[in-house]
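Undergrad: Give me a 3D structure for the following:
(one chain, ligands or ions: 1)
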Amino acid sequence: MSCSHNSRTGGFAVALAGGIGLGGGLDFIMGTKDYLDTLFSLAGRVAVVIGGTGELCGAMAEGLAGAGAEVVLVGRNEEKAKARLARIAALGGKGWFHAADGTDRAQLRALLEAVLQRSGRVDVVVNGAGVNSATPFLEIPEEEFDRIVQVNLKGVFLGCQVFGQYLIGCGQGGSIINVGSMSGVVPLSRVFTYSATKAAVHNLSMNLAREWAPKKVRVNVLVPGFFPAEQNRKVLTPDRVASIMGHTPMKRFGEARELIGATLLLAGGAGSFITGAELMVDGGYHAMTI
Ligand SMILES: NC(=O)c1ccc[n+]([C@@H]2O[C@H](COP(=O)([O-])OP(=O)(O)OC[C@H]3O[C@@H](n4cnc5c(N)ncnc54)[C@H](OP(=O)(O)O)[C@@H]3O)[C@@H](O)[C@H]2O)c1
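TA: Residues are numbered from 1 along each chain as shown. Okay, the predicted model is just below:
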């Protein structure tokens, strides 16, 4: 895979010197517009958001676009993508949809080719496709186990391989944000396969962070607490909701847009020394015992 950058490459070099990459030093004068731009602007960048048709990653994509990135929404549902792209356009952002199954290496390679053709580069990759199920452990069919492992774990593995190879080859640096879960930190009842896959995603992310830090590719895990979304709606029974609230100091669910701040931190210059982190956005869930 060749490293193909478009005419915005010059802008990228300037931004790197300003510290978007690793070890570049953050040159800014506090109190100026450049201050926040140097930390958070993604102008001229391209972000590929796998799972961007969904609720959480769609909001993350909106946030990336709002910071100036061109976003590529990836999933299989074009209708959901269109709705999200309309919101992004209405906010003055730029993005497009590419249909791909995140569990298929050939489709991810074709995605990378398409992004390089159309947008010229990749700077940020979000691996966020996810599926869930609340089947009691002894009843989990192998097909269900395999399907969840395929999407939640193999999809992240493939996304990291395909895009990681490109980012390393470019040598310009990049940020991979894998979407984990609180259930990947401490296993969550009822979602056995899901929890196991997310724990593996956390582990893989830290392993790659160590491996790829010298190659200027940062790998972090964004860890949402509880956010009502399509994939977990069937799991959120009234007793479950009560139990979640009892364990969430802020006593509420998160709103998808509350992931934007953490996403921008991990994506751009403000996070230039952050790799291998598990960044929790959970209303204090992880800090709760009794
Ligand atoms: N909601 C929460 O409370 C919560 C908490 C912790 C972690 N998470 C994680 O956050 C991520 C986003 O989840 P969400 O809650 O926003 O759920 P969601 O709205 O259901 O989004 C999940 C997305 O994954 C995509 N997807 C599923 N299988 C795919 C495949 N084979 N190839 C490509 N895309 C695929 C779907 O896109 P298409 O339909 O277009 O294929 C869907 O839009 C997931 O990784 C989830 O595990 C969520």
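
Undergrad: Just give me the neighbour total for the residue of the stretch 51-200 of the chain found nearest the ligand.
TA: When distances are taken as C-beta to the nearest ligand atom, the stretch 51-200 of the chain approaches the ligand most closely through residue 54, which lies 2.0 Å from it. In this view, the C-beta of every residue, glycine as well, is placed from N, C-alpha and C. If you count neighbours by other C-beta atoms under 10 Å, residue 54 ends up with 25.

Undergrad: Likewise for residue 136?
TA: Each residue near residue 136 was counted by other C-beta under 10 Å, and the total is 8.

Undergrad: Next one: the closest residue to it other than its chain neighbours, what pLDDT does it get?
TA: Residue nearest to residue 136 in three dimensions, not counting chain neighbours: residue 190, with 7.7 Å by C-beta to C-beta, 6 or more residues apart in numbering. In the prediction, the pLDDT value recorded for residue 190 is 92.

Undergrad: picking that back up, now do the residue of the stretch 51-200 of the chain closest to the ligand against residue 120, distance only.
TA: Here the criterion is C-beta to C-beta, to the nearest Å. By it, residue 54 lies 26 Å from residue 120.

Undergrad: what does residue 239 give?
TA: For residue 239, the distance to residue 120 under the criterion C-beta to C-beta works out to 50 Å.

Undergrad: These two: who's more crowded?
TA: Neighbours were counted for residue 239 and for residue 120 using other C-beta under 10 Å; residue 120 has more, 16 against 8.

Undergrad: Next one, pLDDT for the residue of the stretch 51-200 of the chain closest to the ligand please.
TA: Model confidence at residue 54, given as pLDDT, is 97.

Undergrad: Can you list phi and psi of it for me?
TA: Reported as degrees, to the nearest 10, the phi and psi values for residue 54 are phi -90, psi -180.

Undergrad: hang on, isn't it packed against residue 75?
TA: Yes. Counting by C-beta atoms under 8 Å, residue 54 sits close enough to residue 75 to count as a contact (6.8 Å).

Undergrad: got any residues that touch both of those two?
TA: By C-beta atoms under 8 Å, 6 or more residues apart in numbering, residue 54 and residue 75 have these common neighbours: residue 129.

Undergrad: So which residues on the stretch 1-150 of the chain come close to the ligand?
TA: Applying C-beta under 6 Å from any ligand atom, we find that the stretch 1-150 of the chain lies next to the ligand at 51, 53-57, 75-77, 80, 101-103, 128-131.

Undergrad: Report the buried residues of the helix or strand containing residue 146.
TA: Secondary structure from DSSP states H and E places residue 146 in helix 142-148. Applying a neighbour-count criterion of 16 or more other C-beta atoms under 10 Å, one finds 145, 148 buried in helix 142-148.

Undergrad: distance between the helix or strand that it is followed by and the chain's centre?
TA: The first helix or strand that comes after helix 142-148 along the chain, using DSSP H and E, is helix 155-170. Mean C-alpha position of helix 155-170 versus that of the full chain (C-alpha atoms, centre = their mean, to the nearest Å) differs by 13 Å.

Undergrad: Can you check which helix is longest in this protein?
TA: helix 192-212 (DSSP state H).

Undergrad: Could you list the buried residues of it?
TA: Residues 192-202, 204-206, 208-209, 212 are the ones in helix 192-212 that count as buried (16+ other C-beta under 10 Å).

Undergrad: in terms of contact count, name the helices or strands touching that helix.
TA: helix 142-148, helix 155-170, strand 174-179, strand 217-224, strand 278-281 (3 or more C-beta pairs under 8 Å, 6 or more residues apart in numbering; DSSP states H and E).
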